[in-house]
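J.: Just to be clear, the model below is a prediction. Sequence and coordinates:
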Amino acid sequence: MHNLRIIVRGGGDLATGVIHRLWSAGFAPLVLECAQPAAIRRQVALCEAVYSGKVTVENMTGVRINTLSEAVSVWQQGQVPVLVDEAAACVKTLSPDVVVDAIIAKKNLGTNMAMAPLTIALGPGFAAGKDVHAVVETKRGHNLGRIIKKGSAAPNSGVPGIIGGFGKERVLHTEAEGRLHIVQDIGSIVEKGQLIAEITDAAGKVTPVAATLSGIIRGMIREGFYVTKGFKIADIDPRREELANCFTISDKARCIAGSVLELVCQYAMQKEN
């Protein structure tokens with residue numbers, strides 16, 4: 001196990017791809033999350049440990065801890081500690097070598113170059129050389145995974161990447177506020193127009209959520225989550241043959257993760273020399 005102290009802010013699916021790559025390479029990251037994470041691809045997101053206490057993604061187990069001191073025993077077991085610390089207050093205590101902002105909020109929620117000798121951010125909302133030391137491009141296409149040492153990633157277009165010929169149709173947003181009830185969960189094959197979820201507001205009014213295209217439900221926010229109008233709740237993959245992909249780290253996440261690992265290894269070699 002490498003002795004670099006690495007903090008990853010965020011435990012969603014792209015963040016989990018990064019964490020898995022670091023963990024597989026022998027690093028021992030600490031994951032910081034918010035109190036109520038809203039991962040769509042929750043089958044491959046370590047942030048689910050906030051709710052369940054423990055979650056395993058491709059042989060890597062994340063364990064929720066309540067204090068920073070508990071991280072050591074989790075690391076010793078070859079697992080990944082997940083701490084609820086949305087503001088990253090523990091940075092001052094841990095004095096990490098590396099901080100990776102993998103929240104994918106499309107804006108900076110407080111990560112800065114003073115946090116660690118190496119700070120990395122994923123996607124738009126950051127300027128390399130100003131906010132962080134390096135930015136990794138997260139937009140699908142020719143530049144996906146590109147390391148940016150000066151400047152920013154492509155701005156958020158608001159349009160999901162094209163998969164199987166579909167873009168914005170793949171992602172579902174709520175038309176009402178309320179509590180989510182899942183009708184068809186992750187891995188279900190659905191037809192366009194089929195009921196996949198319901199939103200119940202405070203007055204008891206139920207708003208149905210229908211599939212926007214035929215395919216496999218690749219992502220679905222957890223049962224009982226309270227959503228606001230316009231909230232992203234589901235992702236449908238039109239490629240029916242890709243069922244196994246619902247439960248494994250995506251190609252996009254792995255590409256981004258490789259770039260983060262490259263930066264961390266470069267830093268580790270510089271530190272040794």
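T.: Right, received. Where do you want to start? Numbering: from 1, shown residues only.
J.: Residue 98 against residue 113, yeah?
T.: No - the pair residue 98 / residue 113 is not scored as a contact, 12.0 Å apart, by CB atoms under 8 Å. Any C-beta I mention is one placed from the backbone N, CA and C, and that applies to glycine too.
J.: which strands and helices sit next to the longest helix belonging to the chain?
T.: Across the chain, the longest stretch assigned as helix under DSSP state H is helix 251-272. Counting contacts by 3 or more CB pairs under 8 Å, 6 or more residues apart in numbering; DSSP states H and E, helix 251-272 is packed against helix 13-24, strand 98-101, strand 118-122, strand 134-136, strand 147-148.
J.: Check which residues of stretch 114-129 are buried.
T.: 115-116, 118-126, 128 (16 or more other CB atoms under 10 Å).
J.: Rebuild those as TSV, extending it with pLDDT and distance to residue 266.
T.: As requested, the buried residues of stretch 114-129 are arranged in TSV below (pLDDT from 0 to 100; distance: CB to CB, whole Å):
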residue	pLDDT	distance to residue 266
115	98	18
116	98	14
118	98	9
119	98	14
120	98	11
121	98	16
122	98	17
123	96	20
124	96	23
125	95	23
126	97	19
128	97	14
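J.: Go through these and say which is closest to residue 60.
T.: Residue 60 lies nearest to residue 122 out of these, by CB to CB, at 18.6 Å.
J.: so that closest one bridges to which residues?
T.: Assessed by DSSP bridges, residue 122 has beta-bridge partners residue 136.
J.: so who does it touch?
T.: Shown in contact with residue 122 (CB atoms under 8 Å, 6 or more residues apart in numbering): 14-15, 18, 100-102, 104, 135-136, 138, 153, 256, 260.
J.: please redo it, this time with the cut-off set to 6 Å
T.: 102, 136, 138 (CB atoms under 6 Å, 6 or more residues apart in numbering).
J.: will you turn the buried residues of stretch 114-129 into TSV that also has distance to residue 227?
T.: Shown next, in TSV, are these (distance: CB to CB, whole Å):
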residue	distance to residue 227
115	31
116	34
118	36
119	32
120	30
121	27
122	24
123	23
124	24
125	23
126	27
128	34
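J.: Now do the same for the spatially closest residue to residue 237 that is not a sequence neighbour: its pLDDT.
T.: Closest residue to residue 237 apart from its sequence neighbours, by CB to CB, 6 or more residues apart in numbering: residue 218 at 4.2 Å. Here the pLDDT value assigned to residue 218 is 94.
J.: what's residue 2 in contact with, if anything?
T.: 26-27.
J.: how far away is residue 224 from residue 180?
T.: 7 Å (CB to CB, to the nearest Å).
J.: More neighbours: which of these two?
T.: residue 180 (21 against 9; other CB atoms under 10 Å).
J.: Which is the succeeding secondary structure element to the strand or helix carrying that one?
T.: Taking DSSP states H and E as the criterion, residue 180 maps to strand 178-182. Counting by DSSP H and E, the next helix or strand C-terminal to strand 178-182 is strand 189-190.
J.: Any regions of the stretch 51-200 of the chain where pLDDT drops low?
T.: Judged by pLDDT under 70, the stretch 51-200 of the chain has its weakly predicted residues at 158-167.
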